[in-house]
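Asker: turn this into a structure:
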Amino acid sequence: MNSRIAVVPGSFDPPTLGHLDVIRRAARLYDELHVLVVHNPGKEAMLPIAQRMSLLEQSIADAGVEGSIIVGSWSMGLLVDYARDVNAGVLVKGIRSQVDVAYESPMAIVNRHLADIETVFLLPDPAHAMVSSSLVRQVASLGGDVSPFVPPSVAAFLDTGARGI
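Answerer: This next block holds a predicted model:
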C-alpha cells in the first residue's frame, strides 16, 4: 500500500465547510486523495449518494482545492477493502471533539489490524469545529440559513427546496 494515497471517507450529507477544510488540507499532504461518500446504515440520509458526490465535486472545484482528488462512493463491504483496491495506505478523518475521538479510535485500531491501514486525524479549523452535517440538516429542515456552514453550491442547492428529497 502507498501512504501517499489517502481516503477521506464520510457521509457528507450534506458536505460542510468543515469537510471542505479537511479535504483541502489532506490534498496538500497526499499525492492522491479519494473523497469517498459512504453509506451509513445507521443513519437515514437526506440526500442520495449521487447528489452528495455531485455537491462535493462542485464544492471542491469552486473552492479551488488543488491536487489529484477523486470523488467516489462505497456502500458494500469494509472501507479498508476500498482503500486496498485503490492502493491507499491512509484514512483521513476530521475530528471535532472528544466524542469524535472516542468514536473513531476503535475503528482506526480495527482498520489497522484488518488491513495495516493507518488513520490520520485532522483537527478542524476552529471556525468549523462545532458544525456537523446533522446540525446543517436540522437547520435546513426548519428553513434556517445554512450558508455560514456549507459551501455556496450546497447552500444554493438546499435553498432551492431540495431539502425535501
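Asker: model confidence over the helix or strand hosting residue 5, on average?
Answerer: Following DSSP states H and E, one finds residue 5 within strand 2-10. Mean pLDDT, strand 2-10: 89.
Asker: pLDDT below threshold where in this structure?
Answerer: Residue ranges of the chain with pLDDT under 70: 1-3, 161-165.
Asker: tell me where it has helices.
Answerer: Counting by DSSP state H, the segments of the chain that form helices are 17-29, 49-62, 79-85, 98-115, 133-141, 152-159.
Asker: and the fourth one, what does it pack onto?
Answerer: What it means is helix 98-115. The elements that helix 98-115 packs onto, with contact taken as 3 or more CB pairs under 8 Å, 6 or more residues apart in numbering; DSSP states H and E, are helix 79-85, strand 88-94, strand 118-122. C-beta coordinates here come from the backbone N, C-alpha and C atoms, glycine included.
Asker: quick one: the second one to strand 118-122, angle?
Answerer: Comparing the axes of strand 88-94 and strand 118-122 via axes from the mean of the first three to the mean of the last three CA atoms, to 10 degrees yields an angle of 30 degrees.
Asker: and strand 88-94, which strands flank it?
Answerer: strand 2-10 (parallel), strand 118-122 (parallel) (DSSP bridges).
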